[in-house]
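Chemist: Build the 3D model from these lines:
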Amino acid sequence: MTMADLHDIFLSYPESWNRPPDPYPVPDPQLEVHRWLDRLSLVTSAGEHLKYGTILRSDLFARHSYPLAPPDRQTTIARLLALWAFHDDRIEGRGTADGEAERMGRAVRGVVAPPGGPGADRYAHAWWDLGQEFRRAGMSERWLRRFGANLTAWYRSTNDEAAMVRSRGRYPGSDVYLAVRHRTAGQQVWLDLLQYAYGRELSAAEHGREIRTAYHLAEELYVYFNDLYGVEKDANDGMPNLVPLLAREQGVSEIEACREVARMHAGTLGDVCALGHRVCARVPALAWWFEAYQHLLVGITRAHELSPRYAPVQVTEDGSAVRVRVAWRPSCAGEPREKEFAHMEHGVL
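Modeler: This is a model prediction of the structure:
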């Protein structure tokens, strides 16, 4: 392959949203995640350790997505993302057992310890361990209930995905696929964690229509960039992906379908910019949350670009080579230059 054969696809974000994390956090989340996985017997072989170290790297996602959170909270989030990824890989395309979704949602509230002993559910125990950390950090019962409910909803959504794959295979149609994929994106969980990461909860009144709209837009964005970075991975795993779906439906090459997904990403990002500007002008108390939200959107995308889980250069099903890259552009129109986080050192607000 020559450079002329390589097609670059750019995902553009406002440069002001980019907040690189501390390159040398103490404690080191990657090391702490390994220790935690060992302690809870979530990895049981050298191969699984290698898989985490060379494929998952949840610490990359935690540090880039919550860049101004204290290192100890980044570490907790990295543990959560590692647990989530390991369990997701086991149930992807198959779904959960009866009652499993509810059991995980209850466990993460950290109220009652799951049963121990031989054969105990190691995933439920790990979620409970994380719930205990959330309680030590002072998260409210209201937040814990919401977080547990959103985790339960995500686990249930994997059954919808499994049913879709069983009945329709890798090409279910883009409308059907997106309806399911928005729920399996898990953005409800990622966004709930903003309040834990920065030690600042939204009130019931603040968690209203605007925040729910932001959650929905994040689901859309995640599907677009995750599917762009995961074209080859999903093909290898036998899972649906928006790029080949659009290529089939529109009668275009997969490279052109990649460009179409990037255009869809840009359109939704414009909606995100407009929402943030409108809400922050009317409700200044939400400015901190929308800035953390912007950091999260950029951070997850950058972590996809950096993660060894996704090939830096992918080969599509029609044999084309594609590279997805983050690009920076000027700030959203009307976006304030001075931000609440601008002069904040790493720490809880």
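Chemist: what about the strands in the stretch 201-349 of the chain?
Modeler: Shown for the stretch 201-349 of the chain, the strands assigned by DSSP state E, counting those that start in this stretch span residues 314-315, 321-329.
Chemist: which other helices and strands contact the longest one?
Modeler: Under the contact criterion of 3 or more CB pairs under 8 Å, 6 or more residues apart in numbering; DSSP states H and E, strand 321-329 touches strand 6-14, helix 209-229, helix 254-282, helix 287-306, strand 314-315. Bear in mind the C-beta positions are built from the backbone N, C-alpha and C, glycine included.
Chemist: Of all the strands of the stretch 201-349 of the chain, which one is nearest residue 167?
Modeler: Across those, residue 167 has its closest neighbour in strand 314-315 (27.3 Å, CB to CB).
Chemist: circling back to that earlier point, of all the strands of the stretch 201-349 of the chain, which gets the most neighbours per residue?
Modeler: strand 314-315 (a mean of 19; mean count of other CB atoms under 10 Å).
Chemist: and residue 17, how many residues sit next to it?
Modeler: Around residue 17 there are 23 other residues, counting by other CB atoms under 10 Å.
Chemist: Could you report the distance from it to residue 101?
Modeler: 33 Å (CB to CB, to the nearest Å).
Chemist: highest average neighbour count across the helices and strands packed on strand 321-329?
Modeler: Most buried among those, counting by mean count of other CB under 10 Å: helix 287-306, with a mean of 22.
Chemist: ok, back up a step: Throw the strands of the stretch 201-349 of the chain into JSON lines and include mean pLDDT and distance to residue 233, thanks.
Modeler: What follows is those, written out as JSON lines (pLDDT from 0 to 100; distance: least, CB to CB, whole Å):
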{"stretch": "strand 314-315", "mean pLDDT": "96", "distance to residue 233": "8"}
{"stretch": "strand 321-329", "mean pLDDT": "97", "distance to residue 233": "12"}
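Chemist: For residue 229, which of these is the nearest?
Modeler: Taking CB to CB, strand 321-329 is the member of the strands of the stretch 201-349 of the chain nearest to residue 229, at 5.4 Å.
Chemist: List the strands paired with that closest one, with their directions.
Modeler: If you go by DSSP bridges, strand 321-329 pairs up with strand 6-14 (parallel), strand 314-315 (antiparallel).
Chemist: now the ones you listed in JSON lines, with distance to residue 332?
Modeler: Output for these, formatted as JSON lines (distance: least, CB to CB, whole Å):
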{"stretch": "strand 6-14", "distance to residue 332": "5"}
{"stretch": "strand 314-315", "distance to residue 332": "30"}
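Chemist: Compare the ones you listed and give me the one nearest residue 255.
Modeler: When the strands paired with strand 321-329 are compared by CB to CB, strand 6-14 sits nearest residue 255, at 4.9 Å.
Chemist: That closest one versus helix 209-229: what angle between them?
Modeler: 160 degrees (axes from the mean of the first three to the mean of the last three CA atoms, to 10 degrees).
Chemist: buried stuff in whatever helix or strand comes next after strand 6-14?
Modeler: As assigned by DSSP states H and E, the chain's next helix or strand after strand 6-14 is helix 29-39. Along helix 29-39, these residues count as buried under the neighbour rule (16 or more other CB atoms under 10 Å): 29, 30, 32, 33, 34, 36, 37.
Chemist: Which residues does stretch 219-226 contact?
Modeler: 11, 178, 181-183, 185-187, 242, 261-262, 264-265, 268-269, 272, 297, 300-301, 304, 324 (CB atoms under 8 Å, 6 or more residues apart in numbering).
Chemist: chain center to it, what's the gap?
Modeler: Per CA atoms, centre = their mean, to the nearest Å, the displacement of stretch 219-226 from the mean C-alpha position of its chain is 9 Å.
Chemist: What of stretch 255-263?
Modeler: Distance, centroid of stretch 255-263 to centroid of chain: 21 Å (CA atoms, centre = their mean).
Chemist: ok, back up a step: please name whichever of the strands of the stretch 201-349 of the chain is nearest to residue 45.
Modeler: Of all the strands of the stretch 201-349 of the chain, it is strand 314-315 that lies closest to residue 45, at 28.5 Å by CB to CB.
Chemist: Distance of the nearest residue to residue 211 once chain neighbours are set aside relative to residue 253?
Modeler: Nearest in space to residue 211, with sequence neighbours left out and distances taken as CB to CB, 6 or more residues apart in numbering, is residue 202 at 6.7 Å. From residue 202 across to residue 253, the span is 44 Å (CB to CB).
Chemist: who has more neighbours, these two?
Modeler: Taking other CB under 10 Å, residue 202 and residue 253 do not tie; residue 202 has more neighbours (19 against 15).
Chemist: So for that one, what pLDDT did the model give?
Modeler: For residue 202, the pLDDT comes out at 97.
Chemist: Need phi/psi at it.
Modeler: Taking degrees, to the nearest 10, you get phi -80, psi 140 for the backbone angles of residue 202.
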